[in-house]
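Visitor: have a look at this prediction, sequence included:
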Amino acid sequence: MKAHNPIPVISIVGKSNTGKTTLIEKLVPELAKRGYRVATIKHHLHDFDIDIEGKDSWRHRQAGARATVIATPRKVALIEDVEEDFSIDALRERYIHDVDLILTEGFKGNPHPKIEIYRAALKRELLCGQHDNLLALASDTPLDIGVPCLDINDILGLVDLIEASVLK
């Protein structure tokens with residue numbers, strides 16, 4: 001029986017409005033261009049709803065279904081009531097398959113490698129240090145904190161670093 005290797009995770013972290021989503025939007029196509037299959041997980045502290053009131057899936061949940069799967073020939077969505085805020089590892093194990101890498105947004109307190117975004121104009125402290133498994137900084141100003149500091153727009157350099165440190 002083949003040993004199970006968990007899918008590697010890199011968390012994109014940073015204070016609000018630093019550009020985490022934008023960075024993920026740029027990293028994913030470059031990783032895909034290099035042949036990697038990427039999944040993303042966005043952590044949100046507030047509730048959200050993808051069910052539209054009155055639609056069948058919404059009606060199923062209103063009737064008491066704890067989980068509803070919406071399936072088409074091209075997409076599947078699962079809406080499930082949960083009792084806890086799942087960790088990245090629990091989400092990976094439970095929901096993510098057939099990918100080479102997971103990029104997460106948020107989850108700043110996790111043990112996985114992180115790329116922190118820093119913008120000088122926001123005048124805020126960094127969230128992470130080397131002890132937080134910080135892989136690199138993506139910054140608009142050079143900073144020397146003992147990890148690689150790449151320009152926030154150096155997508156090729158960031159993906160090269162992800163490849164060298166996590167995917168190879």
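Guide: All right, it came through fine.
Visitor: could you look up the SS state of the residue nearest the centre of the chain?
Guide: Against the mean C-alpha coordinate of the chain, by Cα atoms, centre = their mean, the closest residue is residue 104 at 1.2 Å. Classification of residue 104 into helix, strand or coil gives strand, according to DSSP: H, G, I helix; E, B strand; the rest coil.
Visitor: tell me the bridge partners for it.
Guide: For residue 104, the beta-bridge partners under DSSP bridges are residue 11, residue 41.
Visitor: tell me the pLDDT of residue 93.
Guide: With respect to pLDDT, residue 93 has a value of 93.
Visitor: distance of it from residue 76?
Guide: As judged by Cβ to Cβ, to the nearest Å, residue 93 and residue 76 stand 18 Å apart. C-beta here means a position set from N, CA and C on the backbone, and glycine is covered the same way.
Visitor: show me which positions of the helix or strand of the chain with the lowest mean pLDDT end up buried.
Guide: Using mean pLDDT, DSSP states H and E, helix 56-62 stands out as the lowest-scoring helix or strand of the chain, at a mean of 82. Counting neighbours by 16 or more other Cβ atoms under 10 Å, one finds that the buried residues in helix 56-62 are 57, 58, 60, 61.
Visitor: helices or strands up against the longest helix anywhere in the chain?
Guide: The single longest helix within the chain, with elements called by DSSP state H, is helix 20-33. Packing partners of helix 20-33 (3 or more Cβ pairs under 8 Å, 6 or more residues apart in numbering; DSSP states H and E): strand 9-13, strand 38-42, strand 101-105, strand 114-118, helix 155-162.
Visitor: what does the fourth one rub up against?
Guide: Where contact means Cβ atoms under 8 Å, 6 or more residues apart in numbering, the residues beyond strand 114-118 that reach it are 10-14, 18-20, 23, 108, 126-128, 132-141, 143, 152, 158, 162.
Visitor: of those, buried ones?
Guide: By neighbour count, with 16+ other Cβ under 10 Å, these hold 10-14, 18-20, 23, 108, 126-128, 132, 134-140, 152, 158, 162 as buried.
Visitor: so where is the protein shaky, pLDDT-wise?
Guide: Along the chain, the model assigns pLDDT under 70 to residues 1-4, 45-49, 51.
Visitor: who's in contact with residue 100?
Guide: Under the criterion of Cβ under 8 Å, 6+ apart, the contact list for residue 100 reads 7, 8, 36, 37, 38, 167.
Visitor: having no further points to raise, I will conclude here.
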